[in-house]
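*Asks:* Quick one, structure for this:
(chains A and B, ligands or ions: 2)
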Amino acid sequence: MTQTMTPAPSSTGGMQSALTASKLPRWVPAATLVGSVAVVWMLFALMGTANLAGVLVVSAIVFSVVLYALSLAIEGRRKAADRIATILVGVAFLLALIPLISVFYTALTLGAGRFDAEFFSSSMRNVVGAGGGAIHAITGTVLITLATAVISIPIGMLTAIYLVEYGTGKLKAAITFLVDVMTGIPSIVAGLFAYALLSLFLGPGVRMGIGGAIALSVLMIPVVVRSTEEMLKLVPNELREASYALGVPKYLTILKVVLPTSIAGIVTGAIIAIARVIGETAPLLIIAGFTTSMNYDLFSDRMMTLPVFAYTQYAQQGADAQAYIDRAWTAALALILIVMALNLVGRLIAKLFSPKLAR
Amino acid sequence: MSKRIEVSDLNVYYGSFLAVEDVSLTIEPRSVTAFIGPSGCGKSTFLRTLNRMHEVIPGARVEGEVRIDGDNLYGPGVDPVLVRRQVGMVFQRPNPFPTMSIKENVLAGVKLNNRSISKSDADALVEKSLRGANLWNEVKDRLDKPGSGLSGGQQQRLCIARATAVSPDILLMDEPCSALDPISTLAIEDLIEDLKKEYTIVIVTHNMQQASRVSDKTAFFNIAGTGKPGKLIEYDQTATIFTQPSVQATEDYVSGRFG
Ligand SMILES: Nc1ncnc2c1ncn2[C@@H]1O[C@H](COP(=O)(O)OP(=O)(O)O)[C@@H](O)[C@H]1O
Ligand SMILES: [Mg+2]
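*Replies:* Ligands and ions are numbered 1, 2, ... in the order given. Modelled structure (predicted):
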């Protein structure tokens, strides 16, 4: 490790003044990292206990200690504390990434097997054992999600516009509180709500796609309200006042100044809200049910969706269990890809279409 | 085109806080009137009561009368939207609409109100307003570019063009030059000199030289202390305010002894 020690002041090559401070050369942290991993790995190997997790944890600790000591000796307390904080933040970030990467990797390896044309072109009608596909579930997910968006986005946007542009006093506080409560509703309760609502009119045992859309709307509306609210609050008041000062009424100011200024963010928020509900399983299991056949009609009969497909394939394995498990993983992979694509589209819209407010 | 403003016994509140107390003054048509005074004395607040922008702030209210050519702005049944079409406003920070091009910004008063306008009329209005704001030559080749791409001074002149494009009778300006460099400031002062031929202009300024350069009459506002209401201390010909004011506080302020 000693090779990483350099006479820091001279390495800057510049003149000394009251404002210059000793600084570790840029390559030192990387070199320390490589050095720590190499040394720890060698020690583990010598003791005959090399295991990946152990090496990583111990070398992270060694790396922190060595870099801190180096920095303390050469750069002083403040810089050393800064280095430690940087390492902690970096480690926390990597820890948070582990589940994401692990899930994606597992779904990719296990789901790739059935990620084929048949999966995306046939349903499970009359399929036992291998073969079959999830086109009926994909159709159901698309239809139910579209219906959810059609219900939730207008309601959510109008609520947010009321809260930001018009609301005052008790009513505003009450609505804000209720939206907060709604954010915390467990998804199974949303499903029971949709079931209870529909069975009031259609009798017990009702199953239909639109019920799923109602349940998902209960979950999506508060998310849309929140994100739209944030975007509307970002529109500077100066723009509203500029519009009023031109003799433009309030509703036209909202329609033609406030919304166009914030629309990119609102659309992004709505897309991310869709991504958030598209993977819901429990409420759909209750109210949309499951089926092996295609159903294009939101207003009658059971409708399959991707998450429920993954669940039923896993929960009700037939004779050829592996075929069912493979289909479950492929459905999971398809769902992850859809959510990723939605998020990417959302980010792209935000990037491409938001006006430059900064001056 | 240009109208007289008569204010009598005006009290302006934010909720229960009295921000400006008992102001009475008359502003003549085709003149430039400057409001001066230390920060927080209520110049902006008072200015915004002249086009009913004050009430945009929740809880804000006004007692008293503001008459424009005899019509009380605060009379029953008066529509603030119609008031603001007659009394335009330019703000301290240039605020062009970021989603609109330069041309659309000038036409904002027309377009946002859903009024239809033929293309030739629109082009004529854009050119006239931008020429009026001394901006035409600088932007005539990039009318379709975003207004937020202009420099601060150009943006402010764009905002003036936008305000004049709806042909108001009165133009209120709240420290229009305080965010600008000296050259842009001079450009706007020249512009005010021109606009005076057609509009009644009221301008808030922190800059004594500016007040003495551009205005015909000057109103000096002051507060007794924080939390106290702002008051109109003295209102007279600009030359009188700056050379022989009748109140000691005015003399102290214009000679730079406080504020
Ligand atoms: N939106 C507001 N809500 C409450 N009080 C305000 C608001 N704006 C200004 N005030 C108060 O009104 C007084 C006058 O402010 P202002 O008109 O901005 O002064 P000036 O423009 O002369 O610097 C100040 O005491 C200020 O704190
Ligand atoms: Mg002010």
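
*Asks:* List the contacts of the residue of the stretch 1-150 of chain A found nearest ligand 1.
*Replies:* Closest approach between the stretch 1-150 of chain A and ligand 1, counting by CB to the nearest ligand atom: residue A:149, at 38.1 Å. For glycine as for every other residue, the C-beta is placed from the backbone atoms N, C-alpha and C. Residue A:149 sits next to A:220, A:270, A:274 when contact means CB atoms under 8 Å, 6 or more residues apart in numbering or on different chains.

*Asks:* which stretch of helix or strand covers it?
*Replies:* Secondary structure assigned from DSSP states H and E places residue A:149 in helix A:135-161.

*Asks:* Name the residues of that helix that come out as buried.
*Replies:* Within helix A:135-161, the residues scored as buried using 16 or more other CB atoms under 10 Å in any protein chain shown are A:135-141, A:143-145, A:147-149, A:151-153, A:156-157, A:159-161.

*Asks:* what does stretch B:113-129 give?
*Replies:* B:113, B:122, B:125, B:126, B:128, B:129.

*Asks:* how far is that stretch from where the chain is centred?
*Replies:* Taking the mean of its C-alpha atoms, stretch B:113-129 sits 24 Å from the chain's own mean (CA atoms, centre = their mean, to the nearest Å).

*Asks:* How many residues are close by the closest residue to chain A within the stretch 151-259 of chain B?
*Replies:* The nearest approach of the stretch 151-259 of chain B to chain A comes at residue B:166, 5.7 Å away (CB to the nearest CB). Neighbours of residue B:166 under the rule other CB atoms under 10 Å in any protein chain shown: 23.

*Asks:* what's it in contact with, if anything?
*Replies:* A:246, A:247, B:85, B:88, B:109, B:110.

*Asks:* Kindly provide the distance from the first one to residue B:51.
*Replies:* Put plainly, it is residue A:246. 11 Å (CB to CB, to the nearest Å).

*Asks:* what residues are shared contacts of the two?
*Replies:* With CB under 8 Å, 6+ apart as the test, residue A:246 and residue B:51 both reach B:84, B:88.

*Asks:* circling back to that earlier point, from the contacts of residue B:166, pick the one nearest ligand 1.
*Replies:* residue B:88 (18.5 Å).

*Asks:* does the closest one sit in a helix, a strand or a coil?
*Replies:* Counting by DSSP: H, G, I helix; E, B strand; the rest coil, the backbone at residue B:88 sits in strand.

*Asks:* need the contact list for it.
*Replies:* Under the contact definition (CB under 8 Å, 6+ apart), the residues listed for residue B:88 are A:245, A:246, B:51, B:163, B:164, B:166, B:168, B:170, B:171, B:172.

*Asks:* and if you look at residue A:147?
*Replies:* With the criterion set at CB under 8 Å, 6+ apart, residue A:147 makes contact with A:209, A:210, A:213, A:298.

*Asks:* ok so, going back, and the helix or strand just after the helix holding residue A:149, anywhere near chain B?
*Replies:* Downstream of helix A:135-161, the first helix or strand assigned by DSSP H and E is helix A:169-183. No - judged by CB under 8 Å from any CB of the partner chain, helix A:169-183 stays clear of chain B, getting no closer than 9.4 Å.

*Asks:* Pipe the contacts of residue B:88 into CSV and attach distance to residue A:266 and secondary structure per row.
*Replies:* Formatted as CSV, the contacts of residue B:88 follow (distance: CB to CB, whole Å; DSSP: H, G, I helix; E, B strand; the rest coil):
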residue, distance to residue A:266, secondary structure
A:245, 25, helix
A:246, 24, coil
B:51, 30, coil
B:163, 29, helix
B:164, 33, helix
B:166, 29, coil
B:168, 33, coil
B:170, 36, strand
B:171, 34, strand
B:172, 33, strand
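
*Asks:* Which helix or strand contains residue B:221?
*Replies:* Short version, using DSSP H and E: residue B:221 is in strand B:217-223.

*Asks:* who does that strand touch, helix- and strand-wise?
*Replies:* strand B:17-27, strand B:32-36, strand B:230-237, helix B:238-243, helix B:248-254 (3 or more CB pairs under 8 Å, 6 or more residues apart in numbering or on different chains; DSSP states H and E).

*Asks:* Show me what the first one is packed against.
*Replies:* If I follow you right, that is strand B:17-27. Looks like strand B:17-27 contacts strand B:5-14, helix B:43-49, strand B:217-223, strand B:230-237 (3+ CB pairs under 8 Å, 6+ apart).

*Asks:* want to throw those into CSV with mean pLDDT, mean neighbour count and distance to residue A:284?
*Replies:* What follows is the helices and strands packed on strand B:17-27, written out as CSV (pLDDT from 0 to 100; neighbours: other CB atoms under 10 Å in any protein chain shown; distance: least, CB to CB, whole Å):
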stretch, mean pLDDT, mean neighbour count, distance to residue A:284
strand B:5-14, 95, 18, 51
helix B:43-49, 96, 23, 54
strand B:217-223, 95, 24, 64
strand B:230-237, 95, 19, 62
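
*Asks:* Including distance to residue A:195, could the ones you listed go into a markdown table?
*Replies:* Listed next are the helices and strands packed on strand B:17-27 as a markdown table, based on distance: least, CB to CB, whole Å:
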| stretch | distance to residue A:195 |
| --- | --- |
| strand B:5-14 | 51 |
| helix B:43-49 | 54 |
| strand B:217-223 | 64 |
| strand B:230-237 | 63 |
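
*Asks:* distance between the ends of stretch A:21-28?
*Replies:* 16 Å (CA to CA, to the nearest Å).

*Asks:* And stretch B:172-186, by the same measure?
*Replies:* The first residue of stretch B:172-186 is 18 Å away from its last residue (CA to CA).

*Asks:* in it, what's buried?
*Replies:* B:172, B:173, B:174, B:175, B:176, B:177, B:179, B:180, B:184, B:185.

*Asks:* in the sheet, who's paired with the first one?
*Replies:* With beta bridges defined as DSSP bridges, residue B:172 has these partners: residue B:89, residue B:202.

*Asks:* Pull up the gap between it and residue B:94, please.
*Replies:* 15 Å.

*Asks:* Residue B:162 - how many residues pack around it?
*Replies:* 29.

*Asks:* which SSE is it in?
*Replies:* Going by DSSP H and E, residue B:162 is in helix B:152-165.

*Asks:* So which bits of the stretch 101-250 of chain B are right by chain A?
*Replies:* With CB under 8 Å from any CB as the criterion, the stretch 101-250 of chain B meets chain A at residues B:108-109, B:111-114, B:146, B:148, B:152, B:159, B:162-163, B:166.

*Asks:* now do 7 Å
*Replies:* B:108, B:109, B:112, B:113, B:114, B:148, B:162, B:166 (CB under 7 Å from any CB of the partner chain).
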